Structure formats: C-alpha cells, structure tokens
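> what follows is a predicted structure for the sequence shown.
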Amino acid sequence: MPLPSRVTDLTSFDLLRSVAELGSIGRAAQAHGMSQPSASERLRTLEARVGVTLLERTSRGARLTTAGQLVAGWAAQVLERAADLDAGITSLRADRQSHLRIAASLTVAEYLLPAWLIALRSVSPDTATVLSAGNSVHVAEQVLAQKADLGFIESTDVPAGLASRVVAKDELVLVVAPGHPWARRRRVSAAKAAATPLVSRESGSGTRQAWEHALKAAGITESAGPLLDMSSTTAIKAAAIGGIGPAVLSIHTVAADIAARTLVRVEVADVDLHRALRAVWPSGRTPRGPASDLLTIATRSLTDRADRR
C-alpha cells in the first residue's frame, strides 16, 4: 500500500527535530546543509501537509508547539527505523572491495543486525559489508565454505566445524489470529500444540528446529507436519493474521503485531521456548578486523540488555 501523503518527506520531520534540539530554524538549516529560506519553506509545507501549527516563531528563534512536540516524538521512531533500513540496504550492496561478508538467519538479519551495523559504522566507517540472508542451515554452509566471514544462526545445535558465541536471547511464541479458538483460552497443552499443523518455516530453519527441539525436551516425540511451509517470516505472519493457522515465530518478529492485537499470543504449557541466537565462524580461526568488531558489538548488546533487566 502507498505511504500516507503526510509522512512521505522524512527530511522535513528530521528538520523539525533539529529545530527542537537547536532552538532555531537557522541553526537547524545549517546542520542539514541547506539555506534558512529552504528550511523555512520545508517546515511551512510540513505544517500545511500535517494540518496543524508545529512551530512558534519568534524574533529570538523558534520552538515547537505542543502539537509539534508530539509530532517530533512520533517521528523519532520512524527516523530511527529509516536509519535501520539504510544500514540494512547498505549491507546488501555487493562491493568488490567489501571487507566483511555476513551470513545471517532471517530473524537476526531483519530485527537485530541493522542496529549492529549502525554501531559498526561508527567504529569502522570505511568498512563495506555484504549480507546473505537465509535459514540457519544456509548460514552454516556459507561460513563453512568460507563465503562468509561471520554468520548468525537461530538453531539450537552448532554444526561441526564451527565455533560460536551467544549474542542474543530469544523466545519463540505461538500466535493465532484473534478469531481463532485458542485466542480466547490464551493457553494450550504441549500435546495439543504438537498435534496441530502449523504455518511454519521451511526445513532447515532455526525457528522450526528450535520448536521441534523444545517439544522433544518436553517429552513429545511426535508432532503434526506443517500446514504450510514458507520461507518468509512476513508471509507466515500474514497467513496467521489471515486465520489460515497458528504459527510459531520469534518474539522479535511478532511483538508489534501482538501489541496491535492483530495476533494473539498463546502460552504452551510446560514447554520452554527460550533459545539463544549465536554468531558462528570457522573453528580454529579467530574473527579479525571488522568481523571481530561486529562480534564485539553484538555480544555487548546482549550484556547491555541483561544490565537493563
């Protein structure tokens, strides 16, 4: 679907945030490398598009109105995601002079890696990266074949020939559409969940392997085959939201959908669905240069989250 017309110009929202931080349109214009008249015109156009007054202009500068403060706060989240998007796109560009080749499972590639790449850029701005995204089996193959300097996997087992380090904690969640019978109960037995065909990732996916491993650890040795096999997390979410069937996904991928109530989380009794996400590299080879920097950043993010708890 097309973006709403009011939010297509992110530069103007960023300019509004700069006015809030710097106290004048002139200083904000300078920070953005544009003339003050151009900045003023952009902000007037933004106010017209939004339909409310965002700035109170005085002879001593400019300050945001109450509405302007609200809009700037909302825009901050969008601008942060735009920075994540830019970092992800940058990593996908195959450059002959790339210094860092990364292979990452889809959950890591979509929800964790962008922030790590932004942090990597701050310590190693000249490093170009190439990203190959796929399931955990694909990642392991890329690293073992020396087609990737560093990999990130979701599977519970580390393949032979690879060294690893935990870089994130994750939790799988069973989700259903609001109209599904389980949405009212919010809890099912492990046996019931195992006996129900799910909308699932393809064979080789770390998420699928982790789900099967968790059921076995709970004493359930047999489970129903998948209702649908899909290689895209987005497609699985769409199928679950559309009521095709339940799905098991990382909490990173469905947290926003649960908050928006387009999906309902269902607890699975007596099954531990927590898992570790790992960085992997060839055994006997210590990551060096940008690969070492990225590994440090990812590991530090795990420590930072633990400290906040």
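Looks like it came in fine. The shown structure was predicted, so the numbers you read here are calculated from the model rather than taken from an experiment. Numbering: from 1, shown residues only.
> ranges for the helices of the stretch 51-200 of the chain?
Secondary structure of the stretch 51-200 of the chain (DSSP state H, counting those that start in this stretch): helices located at 66-92, 106-111, 113-123, 136-144, 181-185, 190-195.
> now the angle from the helix or strand harbouring Ser12 to helix 66-92?
Element membership for Ser12, per DSSP states H and E: helix 10-22. Angle between the axes of helix 10-22 and helix 66-92 is 120 degrees (criterion: axes from the mean of the first three to the mean of the last three CA atoms, to 10 degrees).
> CSV for the helices of the stretch 51-200 of the chain, including mean pLDDT and distance to Ser203?
Bear in mind the C-beta positions are built from the backbone N, C-alpha and C, glycine included. Shown next, in CSV, are the helices of the stretch 51-200 of the chain (pLDDT from 0 to 100; distance: least, CB to CB, whole Å):
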stretch, mean pLDDT, distance to Ser203
helix 66-92, 83, 25
helix 106-111, 91, 14
helix 113-123, 92, 23
helix 136-144, 94, 8
helix 181-185, 93, 25
helix 190-195, 94, 17
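> return the residues in contact with Leu162.
Contact partners of Leu162, counting by CB atoms under 8 Å, 6 or more residues apart in numbering, are Ala140, Val143, Leu144, Gly151, Val280, Trp281, Pro282, Ser283.
> so for the helix holding Ser12, mean pLDDT?
Mean per-residue pLDDT for helix 10-22: 88.
> which one, of the helices of the stretch 51-200 of the chain, ends up nearest to Ala31?
Minimum separation from Ala31 across these (CB to CB) falls at helix 66-92, 14.1 Å.
> strands of this protein, residue ranges please.
Ranges of strands in the chain, per DSSP state E, are 55-58, 61-64, 100-105, 129-134, 150-153, 162-176, 187-188, 199-201, 228-230, 247-250, 264-268, 274-282.
> the second one packs against which elements?
I take that to be strand 61-64. helix 10-22, strand 55-58 (3 or more CB pairs under 8 Å, 6 or more residues apart in numbering; DSSP states H and E).
> just put the ones you listed in CSV and tack on mean neighbour count and distance to Leu249.
Compiled in CSV, these are given as follows (neighbours: other CB atoms under 10 Å; distance: least, CB to CB, whole Å):
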stretch, mean neighbour count, distance to Leu249
helix 10-22, 19, 29
strand 55-58, 14, 42
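> out of those, nearest to Ser232?
helix 10-22 (26.1 Å).
> by contact count, what packs against that closest one?
On a contact count with 3+ CB pairs under 8 Å, 6+ apart, helix 10-22 meets helix 25-31, helix 36-50, strand 61-64, helix 66-92.
> can you lay out these as a markdown table showing distance to Ala239 and mean neighbour count?
A markdown table is the format used below for these (distance: least, CB to CB, whole Å; neighbours: other CB atoms under 10 Å):
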| stretch | distance to Ala239 | mean neighbour count |
| --- | --- | --- |
| helix 25-31 | 45 | 19 |
| helix 36-50 | 36 | 16 |
| strand 61-64 | 42 | 18 |
| helix 66-92 | 24 | 15 |
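> and of the ones you listed, who's closest to Gly243?
If we rank the helices and strands packed on helix 10-22 by CB to CB, the stretch that ends up nearest is helix 66-92, at 28.0 Å.
> centre of the chain to the closest one, how far?
14 Å (CA atoms, centre = their mean, to the nearest Å).
> how far away is Tyr111 from Ile89?
16 Å (CB to CB, to the nearest Å).
> wait, I meant Asp270
With CB to CB as the criterion, Asp270 and Ile89 are 43 Å apart.
> just Pro125 next, same as before
Pro125 sits 16 Å away from Ile89, taking CB to CB as the criterion.
> and for Leu198?
Leu198 is 32 Å from Ile89, by CB to CB.
> swap in Glu141?
Going from Glu141 to Ile89 by CB to CB gives 25 Å.
> what does Val176 give?
Distance, Val176 to Ile89, by CB to CB: 33 Å.
> do Arg208 as well
Relative to Ile89, and taking CB to CB, Arg208 is found at 28 Å.
> again with Val139
For Val139 relative to Ile89 (CB to CB), the value is 20 Å.
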